[in-house]
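Q: Need coordinates for the below:
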Amino acid sequence: MSKFKKKASTSQDIPTASLPDIIFMLLFFFMVTTVLRESDILVEQKIPAAKELNKLERKSLVSYIYIGKPKQSDMGAEPRIQINDRLVQPTDIQKFVNEEKDKLTEVERDQITMALKVDRDVKMGIVVDVQQELKEVNARKILYSAIKRIDR
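A: Below is the predicted model of the structure:
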């Protein structure tokens, strides 16, 4: 027998004292970097249904124009045009499209798509006005948003 005993009681525990700090740092990181909504919708949106839909490849090249009755009754009952977070007139659309094109590179400028989200109860007059403004500023790729129709 030897005089020296081997110490077999080494601790293999993982220190967890800093674990709550790491979890809170991750939580704050995701809270800061997450984008929940791009803009608040100020007009009513009942999107029409369609039989055949195509999915977009690059959503970064899409700019949205909303058309519908204002949700707030003090803004009237006539359909209005919303761009970003404000209601505009049809004549302001050209300025909006030029600003959106300026944000993109030279190659992507011709690929920009203007998405019209139009309430199904809106008359075609205001939609035609928007189309004419888009045509004048050479924004020819127009997307009409719809939801998929469920046939029963």
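Q: Now do stretch 84-101, average pLDDT.
A: What stretch 84-101 shows for mean pLDDT is 90.
Q: Tell me how far it lies from the chain's centre.
A: Distance of stretch 84-101 from the chain centroid (Cα atoms, centre = their mean, to the nearest Å) equals 17 Å.
Q: list the buried ones in that stretch?
A: Leu87, Ile93, Phe96, Val97, Glu100, Lys101 (16 or more other Cβ atoms under 10 Å). C-beta here means a position set from N, CA and C on the backbone, and glycine is covered the same way.
Q: Stretch 51-71 now?
A: Leu61, Val62, Ser63, Tyr64, Ile65, Tyr66, Ile67, Gly68, Lys69, Pro70.
Q: now the strands for the chain?
A: Taking DSSP state E as the criterion, the chain carries its strands at 49-50, 62-68, 80-83, 86-88, 113-118, 142-144, 147-148.
Q: Please identify which of those strands is closest to Asp129.
A: strand 80-83 (8.4 Å; Cβ to Cβ).
Q: quick one: strands adjacent to that closest one?
A: When pairing is defined by DSSP bridges, strand 80-83 lines up against strand 62-68 (antiparallel), strand 86-88 (antiparallel).
Q: Go ahead and confirm Gln94 touches Asn138.
A: No - here Gln94 does not reach Asn138: they are 9.9 Å apart, not a contact under Cβ atoms under 8 Å.
Q: The closest residue in space to Val88 that isn't next to it in sequence - how many residues pack around it?
A: Spatial nearest neighbour of Val88, chain neighbours left out: Ile81 (5.4 Å); criterion: Cβ to Cβ, 6 or more residues apart in numbering. Neighbourhood size, Ile81 [other Cβ atoms under 10 Å]: 24.
Q: For Ile81, give me its contacts.
A: Ile65, Tyr66, Ile67, Leu87, Val88, Gln89, Pro90, Asp92, Ile93, Ile126, Val130 (Cβ atoms under 8 Å, 6 or more residues apart in numbering).
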